[in-house]
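**Student:** Just to be clear, the model below is a prediction. Sequence and coordinates:
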There are 2 protein chains.
Amino acid sequence: MPERKRILVVGGSAAGPKAAARARRLDEEAEIIILQKAPDLSMASCGYPYYVGGVFNERSQLLSTATGVIRDPKFYLNAKNIIAKTETETVKIDRARKTVTARNLRTGAEETLAYDRLILATGALPKQPPLPGIDLAGVTALHSLADVDYLRQVRDEKKTARAVIIGGGLIGIEAAEALRLAGLEVTVVEMLPQILAFLDWELAKLVENHVRSKKVNVLTGNGIAGFKGENGKLAGVKLADGTELPAELAIVAIGVSPNAKLAREAGLEIGKTGGIAVNKYLQTSDQDIYAAGDCVESENLITSGRVHAPFGDLANLEGRVAGENAVRGNQVVFPGVIQTGICKVFDYTAGSTGLSEKAAREAGQTGIETVISASPDKPGYMKGLLLVTKLVVGRKTERILGAQVIGPGDASRQLSQWAVAIKGKLTVEDMANADLPYHPNYSSAIDHGIATAHIMQNKLRGLMRGVSATEVKKKIEAGEKPFLLDARGPDEFEQMRLGLGEHLIPLGALRKRLGEMPPDKNAEIICYCKISLRGYEAARVLMQKGWTNVKVMEGGLMAWPYPREK
Amino acid sequence: MPERKRILVVGGSAAGPKAAARARRLDEEAEIIILQKAPDLSMASCGYPYYVGGVFNERSQLLSTATGVIRDPKFYLNAKNIIAKTETETVKIDRARKTVTARNLRTGAEETLAYDRLILATGALPKQPPLPGIDLAGVTALHSLADVDYLRQVRDEKKTARAVIIGGGLIGIEAAEALRLAGLEVTVVEMLPQILAFLDWELAKLVENHVRSKKVNVLTGNGIAGFKGENGKLAGVKLADGTELPAELAIVAIGVSPNAKLAREAGLEIGKTGGIAVNKYLQTSDQDIYAAGDCVESENLITSGRVHAPFGDLANLEGRVAGENAVRGNQVVFPGVIQTGICKVFDYTAGSTGLSEKAAREAGQTGIETVISASPDKPGYMKGLLLVTKLVVGRKTERILGAQVIGPGDASRQLSQWAVAIKGKLTVEDMANADLPYHPNYSSAIDHGIATAHIMQNKLRGLMRGVSATEVKKKIEAGEKPFLLDARGPDEFEQMRLGLGEHLIPLGALRKRLGEMPPDKNAEIICYCKISLRGYEAARVLMQKGWTNVKVMEGGLMAWPYPREK
């Protein structure tokens, strides 16, 4: 019988506890120790914004099992025979001696612990720009439970009126929602031209419009110059363009970086994203050291490139693999990621899986085709809600490379479908004839995702030429005069319309009113309707009647992110 | 330029109109005629139970486009240049002459119409057992819009107190919910030992328990002997076992059969399921005749067997393929089905994709492995709701063959994920490390489906031996005395327990109380908890401490379909 192994796990948030638990299930005899810098363990950090916003009010729920037991050191010891040392910072790894040095943050005492296998789950750290005033009271991140306690107090005290959120990413937007729920006046400042960088611009803009409709001020393409204080407290935020926003609270949420300091100092290989480099067994460049979670660099399964994918679900999956391999040798692999993310934005859901068009181009993917589609998630009689999807595929392979879905409808199911399709290397044809669960309480007879695949098929086969709202807008601004054909009914036109000189010819009248179309059969014609289904049908009529340059504005008015006349 | 083609479409419900619309989009010149026996076109028949139940009250919503336009012959003519003849029954196909004979049901007049291509979309018919009294007033199906109008009237008049539903399938259960919503006393009578035959027994029983909790009486393993009338009106339903249920309303919902009469009389090949035989282009044994929708027989992509899959979504997908091939030659294929279904059962969702264990065995699949898992769909702090999944995989290939999901949680997303995974021939490992959209508003950090894949992996790799609640129940009834270990806490045990002589040893105390375990290391031990996560951890401890016959009751108490002591 081999001697009792000691497994040290550095980090007690997501990947660490999962690795430790998996190791224990596979090796009852090993000594397993978690070293955790923070006072708490296994915090449900994805729930932080909802506690801050008052969606729930029991702080302990962030730290409890499903049956209400706090995941503290006593729980780990009793239920899992795992020693968890909290408020214990790991300050050094001595790879030659196979030891780590840990400091007790309460007493300052240091101890040296030997390991047989070490698992690094040191997580990520919020980026903190070196701006003047960043240390003022009232400037915080939304990352640690201490941040959360502070923000919850702000909410409960109801003394703070104005907040600025620096960064329009996932955390920034969730923070904006939480603070709106708490009754604050909120401005989001984003340096990029759009919020939610995992989305392509057109979809991000639609989400931004929704955020604005919830009375959140959104400033894109604007950075932060610094924070202005009064008596050590935040009084305002200075923007790069010189404007100043009065505010008593600022949340800096410009993203996270892998916390790889310990690994770097120990001489472990660090990837170019700054994450710890690991092989498919999640083994670092030292064969006795594994790493998992937000501190590692992962392989993107679509591009084969290396990426930093700091998501709570992946941290758990990686922890499970690292924990097993640490006690049993390299038995299992973590295959890589496709970078799936989803978030709640007030009444919208927004998410992306695989590559956005932007990400595909940045990764050097050539020959891609995209389509934007809009339709309700289920029938009107079951109160269907809008979904807008942008699908990215390889034009030759017809393989699905990415999908973004936003809207008030059930985007979670849509993104899940696409995520599995991308993982399984499915093609447009596979999804166009997929046998999905249909019932009017859950989807339309032609599921929104299948409808999207159908439109993509039509494009790939030349039955439809698409043009995005962005392209149409550019054409108009460049002084081009495409013939804009709105194929809806007069009532609909009265309620909502672009007002760009478009021609209203309802689909049902089109065949009789072809004489109103441009006599030049090569004139550019752009058809649309509310979601561009009738627009597509109109385009099919015109294409078959001899017009050669007929396009469909993808997603119709529902995907038009700019102001309309009505 | 070729002469103008004439496409005749028989059937105007789902597949027919879709085929006609697709044909039009691809061939502006063809003459396209729909012959529809019913007075209405393109009815949203999956919405019927919700109109009957009063979930919505505008009958026109069943017949309208998303913008509120009724899909009547005028709509088809104007918007799609399709001639739709309603109340027109197709009575004969003359394949030699390439004509059909159609009868106008209003006038009785017959006409003969020539076709270049014929598309049969004749749908399915509800099975009507030849029982005494079936023609009594008050006995109906829930199939046609006329049935729906009758049932809605029953609801609105509020004169009917008691209903019996014959058949506990999807339509029967939806009808039960609709009539309960309408305030009736409802009994469902099902001949099989379970409701919802697409589920395996254990899951169906859990759904049945939920149906009963909504005050619906459910009688399984009982057939109908006949209907008793008074003055031509239904007064009661006689059951096979001799009991009689007083009732003023009976809905016969024992399934549907392909409506292949016309095809059969025309000498087209009919499959052994009774559906019209078609090739992958949806072409019948006559190359000029296509068929789509509930009237055809389909290939099951998992077993390669032939099945009847009467689902509204498939009807649309098939109609699209048949419509294209009818005008353009055999350009596109319909690949086949995996038999995915989902339904709403009061506060539960229940569905299946791919093969159930029962279906797999009936199809002669050997070497399958199953697992039942239970867990919430999202974290407790976001009000997670229970899901119970049964997964069926090939033991050697580890390929996913089927998944059933039930419960109050988001089963729609789960079933969609599994449906795509099955379509893509994904394995357990693919799903165990899938990169799915995670956010606490939509799923748990370890998605319920991924957790299910993990448990399956543990089983396949011998880390866990599972036993179903059904098997445990059988053991107990057979007088076996397995050591039942409930690994929950004392409070939980006080609130809910089996009461079968189980031993309560909380997981956190197990390592110190091993002395209470059977001294015989080969004794059968069955561990469980609420969902059997702690049960699994307990089993891992015991297995590693030398007990050789340790099992986990899959899904724990949440998957126990029998009465409990508490």
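**Tutor:** The structure has been received and is ready for your questions. Residues are numbered from 1 along each chain as shown, chains lettered A, B, ... in the order given.
**Student:** which stretches of the stretch 451-566 of chain A have low pLDDT?
**Tutor:** The model of the stretch 451-566 of chain A has no residue with pLDDT under 70.
**Student:** which residues in it form helices?
**Tutor:** Here the stretch 451-566 of chain A has its helices, by DSSP state H, counting those that start in this stretch, at A:469-477, A:490-495, A:507-510, A:533-544.
**Student:** how about the second one against chain B, any contact?
**Tutor:** Yes - in this structure, helix A:490-495 sits against chain B according to C-beta under 8 Å from any C-beta of the partner chain; the contacting residues are residue A:492. Heads up, the C-betas are built off the backbone N, CA and C, glycines and all.
**Student:** what does that helix rub up against?
**Tutor:** With C-beta atoms under 8 Å, 6 or more residues apart in numbering or on different chains as the test, helix A:490-495 has contacts from A:486, A:504, A:506, A:530, A:566, B:67.
**Student:** re the thing from before, can you redo the helices of the stretch 451-566 of chain A as TSV with mean neighbour count?
**Tutor:** Shown next, in TSV, are these (neighbours: other C-beta atoms under 10 Å in any protein chain shown):
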stretch	mean neighbour count
helix A:469-477	16
helix A:490-495	12
helix A:507-510	20
helix A:533-544	23
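**Student:** what's around the nearest residue to residue A:224 once chain neighbours are set aside, how many residues?
**Tutor:** Of all residues not flanking residue A:224 in the chain, residue A:166 sits nearest, at 5.2 Å (C-beta to C-beta, 6 or more residues apart in numbering or on different chains). Residue A:166 has 26 neighbours, counted by other C-beta atoms under 10 Å in any protein chain shown.
**Student:** repeat for residue A:501
**Tutor:** For residue A:501, the neighbour count with other C-beta under 10 Å is 10.
**Student:** The one 4 residues further on now?
**Tutor:** A count of nearby residues for residue A:505, using other C-beta under 10 Å, gives 20.
**Student:** what's the spacing between it and residue A:511?
**Tutor:** The gap separating residue A:505 from residue A:511 is 10 Å, by C-beta to C-beta, to the nearest Å.
**Student:** Ok, residue A:75 next?
**Tutor:** 72 Å.
**Student:** How about residue A:90?
**Tutor:** Distance, residue A:90 to residue A:511, using C-beta to C-beta: 74 Å.
**Student:** Comparing the two, which residue is more hemmed in?
**Tutor:** Neighbours were tallied for residue A:90 and for residue A:511 using other C-beta under 10 Å; the higher tally belongs to residue A:90 (22 against 17).
**Student:** returning to what we had before: now the contacts of helix A:490-495: which count as buried?
**Tutor:** Buried by 16 or more other C-beta atoms under 10 Å in any protein chain shown: A:486, A:504, A:506, A:530, out of the contacts of helix A:490-495.
**Student:** Out of these, which is nearest to chain B?
**Tutor:** residue A:530 (6.9 Å; C-beta to the nearest C-beta).
**Student:** Isn't that closest one up against residue A:558?
**Tutor:** Yes - counting by C-beta atoms under 8 Å, residue A:558 is a contact partner of residue A:530 at 6.1 Å.
**Student:** how much space between the closest residue to residue A:211 other than its chain neighbours and residue A:345?
**Tutor:** Spatial nearest neighbour of residue A:211, excluding adjacent residues (C-beta to C-beta, 6+ apart): residue A:218 at 5.7 Å. Plainly put, residue A:218 is 11 Å away from residue A:345 if you go by C-beta to C-beta.
**Student:** shared neighbours, the two?
**Tutor:** Residues touching both residue A:218 and residue A:345 by C-beta under 8 Å, 6+ apart: residue A:211.
**Student:** which residues touch the residue lying closest to residue A:30 once chain neighbours are set aside?
**Tutor:** With sequence-adjacent residues excluded and distances taken as C-beta to C-beta, 6+ apart, residue A:30 is closest to residue A:5, at 4.4 Å. Residue A:5 makes contact with A:27, A:29, A:30, A:31, A:116, A:117, A:327, according to C-beta under 8 Å, 6+ apart.
**Student:** Okay, and residue A:211 sits in which element?
**Tutor:** helix A:201-213 (DSSP states H and E).
**Student:** outside of that helix, which residues touch it?
**Tutor:** For helix A:201-213, the external contacting residues (C-beta under 8 Å, 6+ apart) are A:168, A:173, A:176, A:188, A:193-197, A:199, A:218, A:220, A:345-348, A:350, A:358, A:372, A:388, A:390, A:404, A:406-407, A:468-470, A:559, A:561-562.
**Student:** in it, what counts as buried?
**Tutor:** In terms of neighbour count (16+ other C-beta under 10 Å), helix A:201-213 has its buried residues at A:201, A:202, A:203, A:204, A:205, A:206, A:207, A:208, A:210, A:211.
**Student:** Would you list the strands that whichever helix or strand comes after it pairs with, along with their directions?
**Tutor:** Next helix or strand after helix A:201-213 toward the C-terminus (DSSP H and E): strand A:216-220. Here strand A:216-220 is paired, per DSSP bridges, with strand A:185-190 (parallel).
**Student:** Restricted to strands, list the buried ones among the contacts of helix A:490-495.
**Tutor:** Applying DSSP state E to the buried ones among the contacts of helix A:490-495, the entries found in strands are A:486, A:504.
**Student:** With distance to chain B added, can I get the buried ones among the contacts of helix A:490-495 in CSV?
**Tutor:** Below are those laid out as CSV (distance: C-beta to the nearest C-beta, whole Å):
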residue, distance to chain B
A:486, 13
A:504, 14
A:506, 8
A:530, 7
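**Student:** ok, so of the buried ones among the contacts of helix A:490-495, who is nearest residue A:452?
**Tutor:** When the buried ones among the contacts of helix A:490-495 are ranked by distance to residue A:452 (C-beta to C-beta), residue A:530 comes first, at 16.2 Å.
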